[in-house]
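Student: Return atomic coordinates for the entry below.
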Amino acid sequence: MSADKSVVKVGEEFSIDIQCTLRDFSGLRLFPVSLDGEFVLKVVFPDGFVQTAGNYYHAVSAKLLRPGDKVQYRLTGKFVSKPPSGKFILLRGTKHSAEIDRFLYREELAIAVDDLETTEKASRQTMVNAFSQCLESESMSGANGPVTSDPNASNGQTRGAENQYNHYVDYTVNVPSAGPYQVTLRYYSSVAPVVNVTVNGGNAQTISLPNSGSWNIAYIDYTFPVNLNAGASTLKIAGTGGGSCRQDKICVTGEAQTCTVVNKVRLHWRTSDFNRLNGAKIQGSNDGATWTDIYTIGVNATGSWQEFTFPNATPYQHVRYASSPTGYGELREIEFYNGATKFSGTTFGSDPNVAAMGWQYAIDGVVNASWHGQYVGVGAHAGPSNFVGLSINGCATTCIMPTVVQTAGTNVCPATNQQVTLSASGHTGNVSWLLNGASAGSGTSITTANAGTYTAFSSNGTCTSAQAKTFVVAQAANCTPTALVPKISSSGFPEILTLSIVPDPANPGGWLLSDIGTVSLPAGYEWSYFVGSKWLKTAGNLTNEPWQSSSPGRVVKMATKIGLDTLNRWPCPPEGCNYYYLNDAVAQLAPGARGGLTTFIFN
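Tutor: You can find the predicted model right below:
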């Protein structure tokens with residue numbers, strides 16, 4: 001790791017570069033082909049640090065193919081308060097690390113944070129955060145999880161148990177004024193948790209949190225928006241599924257901003273279907289996911305400019321026009337106002353559109369072309385799912401949640417390459433896709449032959465939207481997968497590992513891996529099997545280990561000392577074995593060999 005600045009002030013942005021290089025292992029006899037460049041990284045942030053940009057994120061992963069290949073990640077952020085220590089800790093593991101709660105320490109980097117004079121610090125803090133309040137979970141009276149000690153926690157304690165997901169904490173938050181705020185939750189988890197967030201029992205939002213990768217080693221900070229009333233509010237964060245979420249603390253911040261209310265719109269309808277304007281709505285949102293009706297238009301269009309003024313006392317970060325139940329957009333232009341002041345900002349709108357009649361025409365400042373949503377074929381949708389709006393400049397701090405729309409195809413079938421295209425509409429920021437909760441790609445649309453449950457979210461470096469309502473892609477009824485046969489492609493020391501691969505009767509398309517070898521296990525040792533990225537320990541041979549795809553794979557077998565937690569410190573270095581395991585950490589099972597290796601394919 002390296003930083004562009006070694007000393008920073010509170011609020012000053014800086015960047016840390018993390019470079020990963022695949023080393024050359026060709027000289028190791030046992031692993032001529034078995035070691036690959038697949039890894040997962042995690043950086044433990046100091047207190048008071050928030051990420052603002054960069055391509056690094058917690059549990060970022062990559063796979064380097066050849067020795068010497070490199071990949072570099074950038075972490076950009078700032079300290080919003082002076083930390084006890086400016087130390088960043090880099091951890092490395094595999095995708096399996098999340099399952100076994102283990103990462104390996106790689107290095108650390110310390111950034112010095114200058115203390116400011118009292119007046120300068122107060123001024124700078126006012127610019128960074130108009131309001132800031134941090135609350136420790138263990139200090140809250142409303143909670144149902146146990147208080148647990150943890151030296152890595154911000155105050156030495158957390159709330160919640162390792163293996164129970166259904167714990168909650170009620171945080172009493174007191175803010176000076178009503179409006180949008182950002183909540184940063186610090187927590188630990190060994191499996192990705194799902195939480196429900198409510199304010200005073202309402203405005204519920206469900207958040208699928210990233211996995212921190214360890215229930216007690218490394219925490220993660222996750223920021224999400226809430227709307228709060230002036231004074232005291234109860235913010236409840238409750239686990240509802242996935243892994244356990246041991247809560248450490250929350251920090252609530254409110255940006256120094258002034259949001260002006262929208263109380264007027266001007267619009268220009270197209271030259272026909274005037275009755276479709278009647279029933280359209282003007283809506284506002286402060287989280288980019290939940291929309292509130294501000295005004296309902298109750299007249300037909302005229303085909304020329306029309307102005308609508310209405311009472312509204314609530315400021316919103318985002319405003320939009322949503323079509324009537326029979327409408328398809330059909331505007332030439334729309335403008336949003338506070339009195340005589342016209343709003344500007346980042347535009348967004350719904351897809352799909354009729355070709356060459358996109359929503360952009362309705363908010364480009366020119367009355368010469370119409371917007372029209374799709375009304376026939378795949379992706380057609382009448383009603384308020386046709387919308388166009390603004391994220392208001394100087395006010396919006398949250399991202400718009402996308403809507404998932406099917407725009408091509410019907411069902412999928414990998415065997416016949418039947419595909420479906422999904423598009424994300426109505427978002428601000430870059431779109432990321434999830435299939436059954438796992439990353440599936442990025443971009444405005446995704447074309448897939450894989451059945452499953454899809455969703456999407458948008459982010460722009462400073463905010464991440466809520467996840468869209470899920471969309472289920474179904475497999476075609478007549479889809480018959482191609483029959484595949486497992487084949488051993490290479491085997492090193494088969495007298496140590498003899499691999500059997502048979503179909504999994506309980507999981508069509510899956511396989512079961514077993515070791516039918518007869519080599520004896522030495523006393524004081526246990527079998528260690530490395531199946532893909534998974535490390536399995538057993539006193540007997542590997543039996544019926546699921547392989548859930550027809551992707552090529554490999555299995556490595558060793559006899560390791562009972563209780564051995566890592567091979568990273570084996571064998572001894574030339575200078576001796578102080579703090580290292582001895583050479584007998586892995587037993588020799590055959591002349592010149594401490595393990596067996598088998599790779600397999602399906603065709």
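Student: rest of the way, CA atoms for contacts and neighbours
Tutor: OK.
Student: Just the C-alpha atoms of stretch 55-63, please, in CSV.
Tutor: Once non-C-alpha atoms are left out, stretch 55-63 reads as follows in CSV (Å, rounded to 0.1, in the frame of the first residue of the first chain):
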residue,chain,number,x,y,z
ASN,A,55,-12.5,1.4,-7.3
TYR,A,56,-11.7,-0.4,-4.0
TYR,A,57,-14.5,-1.8,-2.0
HIS,A,58,-14.6,-4.3,1.0
ALA,A,59,-14.0,-7.9,-0.2
VAL,A,60,-12.9,-6.7,-3.7
SER,A,61,-11.6,-9.7,-5.6
ALA,A,62,-9.7,-10.6,-8.7
LYS,A,63,-7.9,-13.5,-10.4
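Student: Need the residues that contact that stretch.
Tutor: 36-43, 73-75, 210-213, 220 (C-alpha atoms under 8 Å, 6 or more residues apart in numbering).
Student: mind listing what the residue nearest the centre of the chain touches?
Tutor: Averaging the C-alpha coordinates of the chain gives a centre point, and the residue nearest to it by C-alpha atoms, centre = their mean is P210 (5.5 Å). Shown in contact with P210 (C-alpha under 8 Å, 6+ apart): H58, A192, P193.
Student: run the last query once more with 6 Å
Tutor: Neighbouring residues of P210 by C-alpha atoms under 6 Å, 6 or more residues apart in numbering: A192.
Student: can you tell me which residues contact Q588?
Tutor: For Q588, the contacting residues are R594, by C-alpha under 6 Å, 6+ apart.
Student: Distance check, G492 against Q72.
Tutor: Distance of G492 to Q72, given as C-alpha to C-alpha, to the nearest Å: 34 Å.
Student: How about G517?
Tutor: Using C-alpha to C-alpha, we find G517 at a distance of 42 Å from Q72.
Student: and those two? which has more neighbours close in?
Tutor: Of the pair G517 and Q72, G517 is the one with more neighbours under other C-alpha atoms under 10 Å, namely 15 against 12.
Student: got a list of what the residue nearest to that one when sequence neighbours are not counted touches?
Tutor: Excluding its sequence neighbours, the residue lying closest to G517 (C-alpha to C-alpha, 6 or more residues apart in numbering) is T498, at 4.7 Å. Neighbour list for T498: D515, I516, G517 [criterion: C-alpha under 6 Å, 6+ apart].
Student: Out of those, the closest to A153 would be?
Tutor: Ranking these by separation from A153, with C-alpha to C-alpha as the measure, puts D515 on top at 42.7 Å.
Student: Model confidence for the closest one, exactly?
Tutor: The per-residue pLDDT reported for D515 equals 95.
Student: pLDDT at N211, what is it?
Tutor: At N211 the predicted local distance difference test score is 88.
Student: And for E136, the neighbour number?
Tutor: If you count neighbours by other C-alpha under 10 Å, E136 ends up with 20.
Student: out of everything not next to it in sequence, what's closest to it?
Tutor: K249 (4.4 Å).
Student: cool, Y525 as well?
Tutor: Spatially, and ignoring its direct neighbours in sequence, Y525 is nearest to K561 (4.5 Å; C-alpha to C-alpha, 6+ apart).
Student: is it true that the one you found touches A585?
Tutor: Yes. If you go by C-alpha atoms under 6 Å, K561 and A585 touch, sitting 5.2 Å apart.
Student: Tell me where the model's unsure across this structure.
Tutor: With pLDDT under 70 as the threshold, the chain has low-confidence stretches at 25-36, 97-101, 115-130, 178, 230, 255-258, 461-462, 481-482, 568-582.
Student: Helices of this protein, residue ranges please.
Tutor: If DSSP state H is used as the criterion, the helices of the chain fall at 97-100, 118-128.
Student: wait, isn't T447 in contact with Q418?
Tutor: No. Here T447 lies out of contact with Q418, judged by C-alpha under 6 Å, at a distance of 10.2 Å.
Student: Return every residue with contacts to both of the two.
Tutor: Shared between the contact lists of T447 and Q418 (criterion: C-alpha under 6 Å, 6+ apart) there are no residues.
Student: Which strand in the chain has the most residues?
Tutor: Among the elements of type strand in the chain, defined by DSSP state E, the one spanning the most residues is strand 231-242.
Student: which other helices and strands contact that one?
Tutor: Packing contacts for strand 231-242, counted by 3 or more C-alpha pairs under 6 Å, 6 or more residues apart in numbering; DSSP states H and E, involve strand 168-175, strand 193-199.
Student: Mind listing what's buried along that strand?
Tutor: Buried residues in strand 231-242, counted by 16 or more other C-alpha atoms under 10 Å: S233, T234, L235, K236, I237, A238, G239, T240, G241, G242.
Student: now swap in stretch 213-227 and tell me
Tutor: Residues of stretch 213-227 classed as buried under the neighbour-count rule (16+ other C-alpha under 10 Å) are 213-221, 223-226.
Student: follow-up on the earlier one: could you dump the contacts of T498 into CSV with distance to E138 added?
Tutor: Compiled in CSV, the contacts of T498 are given as follows (distance: C-alpha to C-alpha, whole Å):
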residue, distance to E138
D515, 48
I516, 51
G517, 52
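Student: Need the nearest residue in space to E38, chain neighbours excluded.
Tutor: Distances taken as C-alpha to C-alpha, 6+ apart put K63 closest to E38, at 4.0 Å, once the chain neighbours are dropped.
Student: ok, which stretches of the stretch 501-603 of the chain are strands?
Tutor: Per DSSP state E, counting those that start in this stretch, the stretch 501-603 of the chain has strands spanning 511-515, 525-531, 534-538, 545-547, 553-561, 595-602. These are given in chain order.
Student: Out of these, which one sits most buried?
Tutor: When you average the neighbours per residue for each of these (mean count of other C-alpha atoms under 10 Å), strand 553-561 leads with a mean of 22.
Student: That one versus strand 525-531: what angle between them?
Tutor: Counting by axes from the mean of the first three to the mean of the last three C-alpha atoms, to 10 degrees, strand 553-561 points 160 degrees away from the direction of strand 525-531.
Student: what about strand 553-561, distance to the chain center?
Tutor: Here the centre of mass of C-alpha atoms in strand 553-561, compared against the chain's by C-alpha atoms, centre = their mean, to the nearest Å, lies 32 Å away.
Student: Going by contacts, tell me the helices and strands next to it.
Tutor: Using 3+ C-alpha pairs under 6 Å, 6+ apart as the contact criterion, the secondary-structure elements in contact with strand 553-561 are strand 525-531, strand 595-602.
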